[in-house]
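Trainee: fold the following.
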Amino acid sequence: MSNLSSYAVTEKWPATHPERLQLYSLPTPNGVKASIMLEEIELAYEPHLVDFGEKDQFTAEFLSVSPNNKIPAILDPNGPHGQPLALFESGAILVYLAEKSGQLMPRDPAERYQCLQWLMFQIGGIGPMFGQLGYFVKFDGKDVEDQRPRQRYIDETKRLLGVLDKHLKGKDWIMDGKYSIADIAVFPWIRGMLEFYEAGPLVEFENFTQVRRVYDAFMARPAVQRGLEIPARD
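Mentor: Modelled structure (predicted):
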């Protein structure tokens, strides 16, 4: 294990337990992917709050591990070849932690790629489109007089929910009976759309009964409930 004190990020967020994986995050839909995953696989880690209100994400220390100034980011002192590894992008972090732990991603090659395709579905579709929906229903976009952009993202959110709803029919989880990183990627965004954007009625969420069923099962998991609160807000 290497000494993490040489990493600039630890100047702003000192590691109390440098032998543990360091998580730099905020409880957003993307941020909690990492904390939920870490709770699920029971890997020892130390969380650090990246405070957007203080613009922590633009500091040189945070940019040293996340050059795109987005959360989450990790610094693993026990990376490949016994060397520390810093990673940003929530999807990459999920894949890394799944492979590191041997958990929550199928080992069969065909099933592994099927799992990854649903991870990419979230990264390329649900995340960006739900985020734009939030902008137009909760943030500055709600004041735009032209309603066409808003309607575009309402329609696209409903379309994506429809794709997921059809896929989940008769399945316990996205990968059928196997809970996986695909679920950890997708369902925090469903929660954000429902609870933070408060857009459930707007997209007629209760019509997507399969999504509702699996979302409720996801939210009932103890590791999910813990991960949703990490890092704790001040």
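Trainee: tell me what the helix ranked longest in the chain is packed against?
Mentor: Ranked by residue count, the top helix of the chain under DSSP state H comes out as helix 148-168. Here helix 148-168 touches helix 127-137, helix 209-219, going by 3 or more C-beta pairs under 8 Å, 6 or more residues apart in numbering; DSSP states H and E. C-beta coordinates here come from the backbone N, C-alpha and C atoms, glycine included.
Trainee: alpha carbons of the helix or strand following it, as PDB, please.
Mentor: Using DSSP states H and E, the helix or strand that follows helix 148-168 in sequence is helix 181-191. C-alpha atoms of helix 181-191 as PDB (Å, rounded to 0.1, in the frame of the first residue of the first chain):
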ATOM      1  CA  ILE A 181     -24.400  -2.800 -11.100                       C
ATOM      2  CA  ALA A 182     -27.100  -2.200 -13.700                       C
ATOM      3  CA  ASP A 183     -29.700  -1.700 -11.000                       C
ATOM      4  CA  ILE A 184     -27.300   0.400  -8.900                       C
ATOM      5  CA  ALA A 185     -26.900   2.700 -11.900                       C
ATOM      6  CA  VAL A 186     -30.500   3.000 -13.000                       C
ATOM      7  CA  PHE A 187     -32.600   3.200  -9.900                       C
ATOM      8  CA  PRO A 188     -31.000   6.200  -8.100                       C
ATOM      9  CA  TRP A 189     -32.000   8.200 -11.200                       C
ATOM     10  CA  ILE A 190     -35.600   7.000 -10.900                       C
ATOM     11  CA  ARG A 191     -35.500   8.100  -7.200                       C
END
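Trainee: where in the protein is pLDDT low?
Mentor: Where the chain drops to pLDDT under 70, the residues are 1-2.
Trainee: who's sitting farthest from the centroid in it?
Mentor: Taking C-alpha atoms, centre = their mean, the residue of the chain most remote from its mean C-alpha position is Glu145, at 31.9 Å.
Trainee: look up phi and psi at that residue.
Mentor: Glu145 has phi and psi values of phi -70, psi -40 when expressed as degrees, to the nearest 10.
Trainee: repeat that for Gln22.
Mentor: Geometry field for Gln22 lists phi and psi as phi -100, psi 130, criterion degrees, to the nearest 10.
Trainee: ok, Tyr24 touching Ala73?
Mentor: Yes. Tyr24 sits in contact with Ala73 when judged by C-beta atoms under 8 Å, with a separation of 4.6 Å.
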